[in-house]
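Visitor: what's the 3D shape of this:
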Amino acid sequence: MRPRRIDAKLTRAAHRRRYDAIVVGARVAGAATAMLLARRGLDVLLVDRARFPSEIPHGHYVHMHGPPRLAAWGLLDRVLATGCPPITSITMDLGDFPLTGRGLVVDGVPVGIAPRRAALDKVLIDAAIEAGAEFRDGFSVRDLTFEDDRVTGIRGRGGLAERARVVIGADGRNSLVARRVSAPAYAAHPTLACWYFAYWSGVEWEGLEMYRRDHRMIFAHPTNDDLFAVFVGWPIAELPAVRSGIEAEMMAVIDRVPDLSQRIRSGRREERIYGAAQLPNFLRKPYGPGWALVGDAGSHKDPVRALGICDALRDAELLADSLTASLSGESAEAEALSEYERRRNDATMDDYEANLRAARFSPPAPEILQARAAARDDPEAMAQFCLAWEGRISRGTPAAKLYEAPRP
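Guide: Reported below is the predicted structural model:
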């Protein structure tokens, strides 16, 4: 079922009102933010230039705090119902040996899921609509509107304007909203790696697989439609060589893991090979008078540790908390949104720095290798290692302390 849209008559009526919030971008961060604000009784308009449901060539593994947050919102079962299998095992080989943790379920929530983006985005958009948000796809935002230095709304094709108390940019790393308000970036680093990926059918799988081979990384996992997704990463300096023969270069890396190679070569590639080579790392100031940023618009990083979706869900919740306080009059806008930035940075900076190390293909920390070696012959210890790696064991517990070390 396609999401409900606003007809022309309703659009003209909406044109004469002022929303509490307009969210620009209806993918994960934007749809989640719109849903949470609408669930709190705010009047929300969600827009996107794309038509939905539709795929985008991005990674889509959801782990760490992502699955528990979807479960808390009542959406995890909906995502699984799209045909996305729960991931309850992780095989990780950092160049030393493969370590597999199984039975990775905490409080009924699997350690990971990897829904295709069309499926995940639709679940979130449908939930936003059910909560009362208005949704318009095929709506291309051309500019923001201002009064003095304050953002007051958006302007689309044909001059159609909509007004809001706050405009939220959830429109990706090349955010128009961020550009128009000159949101400053910090902790910025240029692109460090390039990634190519594709989907195969007929491949045997158990769960998530991660392999490091010198300055190469492989991530593989099951997804919707009985497909197996395989992602391969190289240092960005090797992009010209990779582009000279993408499929051959990709398979050459996969062939360095014989078991994986045999399974992939026994299957069939079902889609073209996708790639990403423009992956800057930055945080932006995520707020100002009448505007806020969430998701990749506010914080973008290399996909090496698959932080994009889980962090977007978290930041949607943090932003919704601050905007609820601001729009209800409980807190001043600047105070509430400054708290959003502080909480976001507190939650993300350690992972952001670890992600930079991983995207540089830095060697694994000795503590990590020692912990892996200690767990090698003990299935329960291997599972605990994987849960600690994923942040699914409470900090301060003996198992978590054992594995607290800089990540590779």
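
Visitor: can you pull the domain assignment for the chain?
Guide: 8-57+119-189+281-359, 66-116+190-276, 366-403 (automatic domain parsing).

Visitor: among those, which is the most enclosed?
Guide: Burial of these is given as mean neighbour count (mean count of other Cβ atoms under 10 Å); domain 8-57+119-189+281-359 ranks first at a mean of 20. (C-beta placed from N, C-alpha, C; glycine too.)

Visitor: now render the domains of the chain as JSON lines, adding mean pLDDT.
Guide: Rendered in JSON lines, the data for those read as follows (pLDDT from 0 to 100):
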{"stretch": "domain 8-57+119-189+281-359", "mean pLDDT": "95"}
{"stretch": "domain 66-116+190-276", "mean pLDDT": "98"}
{"stretch": "domain 366-403", "mean pLDDT": "84"}
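
Visitor: which phi and psi values does Glu339 adopt?
Guide: phi -70, psi -40 (degrees, to the nearest 10).

Visitor: so what's it closest to, chain neighbours aside?
Guide: Spatial nearest neighbour of Glu339, excluding adjacent residues (Cβ to Cβ, 6 or more residues apart in numbering): Ser322 at 5.6 Å.

Visitor: Ser322 versus Arg342, what's the distance?
Guide: The gap separating Arg342 from Ser322 is 10 Å, by Cβ to Cβ, to the nearest Å.

Visitor: hang on, I meant Tyr352
Guide: On the measure of Cβ to Cβ, Tyr352 and Ser322 end up 20 Å apart.

Visitor: any idea which element Met210 lies in?
Guide: Taking DSSP states H and E as the definition, one finds Met210 inside strand 208-212.

Visitor: got the contact list for that strand?
Guide: 61, 63, 87, 89-95, 98, 111-112, 114, 217-221, 256-257, 260, 361, 364, 408 (Cβ atoms under 8 Å, 6 or more residues apart in numbering).

Visitor: so what does the strand or helix carrying the residue nearest to Glu339 touch, helix or strand wise?
Guide: If you go by DSSP H and E, Ser322 is part of helix 308-327. Packing contacts for helix 308-327, counted by 3 or more Cβ pairs under 8 Å, 6 or more residues apart in numbering; DSSP states H and E, involve strand 18-24, helix 28-39, helix 66-72, strand 161-169, strand 299-300, helix 333-359.

Visitor: list the contacts of His65.
Guide: Contacts of His65 (Cβ under 8 Å, 6+ apart): 310, 313-314, 391.

Visitor: in its sheet, what does the host helix or strand of Ala220 sit against?
Guide: Assigned by DSSP H and E, Ala220 belongs to strand 217-223. Strands that pair with strand 217-223, judged by DSSP bridges, come out as strand 208-212 (antiparallel), strand 227-235 (antiparallel).

Visitor: need the next SSE after the last one, C-terminal direction.
Guide: In other words, strand 227-235. According to DSSP H and E, the helix or strand after strand 227-235 is helix 239-243.

Visitor: can you name every helix or strand that that following helix contacts?
Guide: So helix 239-243, by 3+ Cβ pairs under 8 Å, 6+ apart, packs with strand 193-201, helix 246-254.

Visitor: same thing but 7 Å
Guide: The helices and strands touching helix 239-243, judged by 3 or more Cβ pairs under 7 Å, 6 or more residues apart in numbering; DSSP states H and E, number zero.

Visitor: start the count at 610 instead of 1 going forward.
Guide: From this message on, residue numbering opens at 610, which makes the last subject helix 848-852.

Visitor: distance from it to the middle of the chain?
Guide: Centroid separation between helix 848-852 and its chain, computed with Cα atoms, centre = their mean, to the nearest Å, is 26 Å.

Visitor: gap between the most centrally placed residue in the chain and Thr697?
Guide: By Cα atoms, centre = their mean, the chain has its centre lying nearest to Ile918, at 1.6 Å. Distance of Ile918 to Thr697, given as Cβ to Cβ: 18 Å.

Visitor: rewinding a little: rebuild the helices and strands packed on helix 917-936 as a markdown table, extending it with distance to Gln979.
Guide: Output for the helices and strands packed on helix 917-936, formatted as a markdown table (distance: least, Cβ to Cβ, whole Å):
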| stretch | distance to Gln979 |
| --- | --- |
| strand 627-633 | 46 |
| helix 637-648 | 36 |
| helix 675-681 | 28 |
| strand 770-778 | 43 |
| strand 908-909 | 32 |
| helix 942-968 | 18 |
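
Visitor: look up phi and psi at Ile763.
Guide: Dihedral angles (degrees, to the nearest 10) for Ile763: phi -130, psi 160.

Visitor: what's opposite the residue nearest to it when sequence neighbours are not counted in the beta bridge?
Guide: Using Cβ to Cβ, 6+ apart and skipping the chain neighbours, the partner closest in space to Ile763 is Val750 (4.9 Å). Val750 forms beta bridges with Gly765, as assigned by DSSP bridges.

Visitor: before we move on, what about Trp900?
Guide: Val776, Gly897.

Visitor: and for Ile722?
Guide: What pairs with Ile722, by the bridge criterion (DSSP bridges), is Val671.

Visitor: am I right that it is in contact with Val671?
Guide: Yes. At 5.1 Å, Ile722 and Val671 qualify as touching, with contact defined as Cβ atoms under 7 Å.

Visitor: what touches both of these two?
Guide: The overlap between the contact sets of Ile722 and Val671 (Cβ atoms under 7 Å, 6 or more residues apart in numbering) is empty.

Visitor: about what we covered before: what sits against the residue nearest to Glu948?
Guide: So Ser931 contacts 945-946, 948-949 (Cβ under 7 Å, 6+ apart).
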